[in-house]
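Q: Make a model of this:
(2 chains)
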Amino acid sequence: KAGVTQTPRYLIKTRGQQVTLSCSPISGHRSVSWYQQTPGQGLQFLFEYFSETQRNKGNFPGRFSGRQFSNSRSEMNVSTLELGDSALYLCASSLATGHTGNTIYFGEGSWLTVV
Amino acid sequence: AQRVTQPEKLLSVFKGAPVELKCNYSYSGSPELFWYVQYSRQRLQLLLRHISRESIKGFTADLNKGETSFHLKKPFAQEEDSAMYYCALLNSGGSNYKLTFGKGTLLTVNP
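A: As a prediction, the model looks like this:
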């Protein structure tokens, strides 16, 4: 079974631009969540979607947004990029259906560098 | 608010020595805890989940609700265990469904 797939893997953007990252979850998984990983702050939760609905959002500014499609694929968008947005953005998926389905699997991430 | 604390940023041991990576949590509900590992240039991988009570790659972790701890242990460390280890707590109550991670512990196993 294919794992969580993220595209693009690497990208460089300029301050003020916007970026869209894509995630395909494991087949059958309906929950998709996004995390930001930086050396200083570690792994921080961005938001989680289940059946196209955002269920929870982390403590990030409104420049960070996301959505989920009917096939469970998800995208996240960051507008008006700042240097501090440089990070590894991780997508994760889960069945999210009780204890046995609560294991969360991660993709390889999208490395974003803002210059 | 839930919180996960990994007190050691760095841990260095010799091959064959026992290793213990500490994790403490604060959570008002019934916790679901995980250990994730990130080897160099690889994705974050699930190592253990407390519900399973299993041993993976020789690692075990026991949930101690009294001490609010979920320490990761291995009796004999191997060089291939060198990696970044993250303890994580799942909040799956109500409309929440998110992992809170500790800051991680970088384990180095020396030959």
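Q: Now name the helix or strand holding residue 11.
A: In the absence of a named chain, this looks at chain A. For residue A:11, the host element (DSSP states H and E) is strand A:10-13.
Q: if you could check chain B rather than the one you did, that'd help
A: Assigned by DSSP H and E, residue B:11 falls in strand B:10-14.
Q: got a pLDDT number for the residue lying closest to residue A:91 once chain neighbours are set aside?
A: Nearest residue to residue A:91, sequence neighbours excluded (C-beta to C-beta, 6 or more residues apart in numbering or on different chains): residue A:23, at 3.4 Å. The way it works is simple: take the backbone N, C-alpha and C, and place the C-beta from them, glycine included. Predicted confidence (pLDDT) for residue A:23: 98.
Q: Residue A:23 belongs to a strand?
A: Yes - residue state for residue A:23 (DSSP: H, G, I helix; E, B strand; the rest coil) corresponds to a strand.
Q: Return the residues in contact with it.
A: A:4-6, A:32, A:34, A:73-76, A:91, A:93, A:107 (C-beta atoms under 8 Å, 6 or more residues apart in numbering or on different chains).
Q: I'd say residue A:51 and residue A:29 touch.
A: No - under the criterion of C-beta atoms under 8 Å, residue A:51 is not in contact with residue A:29, lying 11.2 Å apart.
Q: Only C-alpha atoms, please: export the lowest-mean-pLDDT helix or strand in chain A in CSV.
A: Across the helices and strands of chain A, mean pLDDT, DSSP states H and E gives its lowest value to strand A:53-57, namely a mean of 90. Extracted in CSV, the C-alpha atoms of strand A:53-57 (Å, rounded to 0.1, in the frame of the first residue of the first chain):
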residue,chain,number,x,y,z
THR,A,53,-14.1,19.6,6.9
GLN,A,54,-11.4,21.4,8.9
ARG,A,55,-11.8,19.9,12.4
ASN,A,56,-9.0,21.7,14.2
LYS,A,57,-6.5,24.4,13.6
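Q: ok, and what's touching that strand?
A: For strand A:53-57, using C-beta under 8 Å, 6+ apart, the contacting residues are A:45-49, A:66, A:68, B:95-98.
Q: do the same with stretch B:54-70
A: For stretch B:54-70, using C-beta under 8 Å, 6+ apart, the contacting residues are B:22-27, B:31, B:33, B:35, B:47-48, B:50, B:71-76, B:78, B:81, B:87.
Q: Look at that stretch and report the distance between its end residues.
A: For stretch B:54-70, the first and last residues are 13 Å from each other (C-alpha to C-alpha, to the nearest Å).
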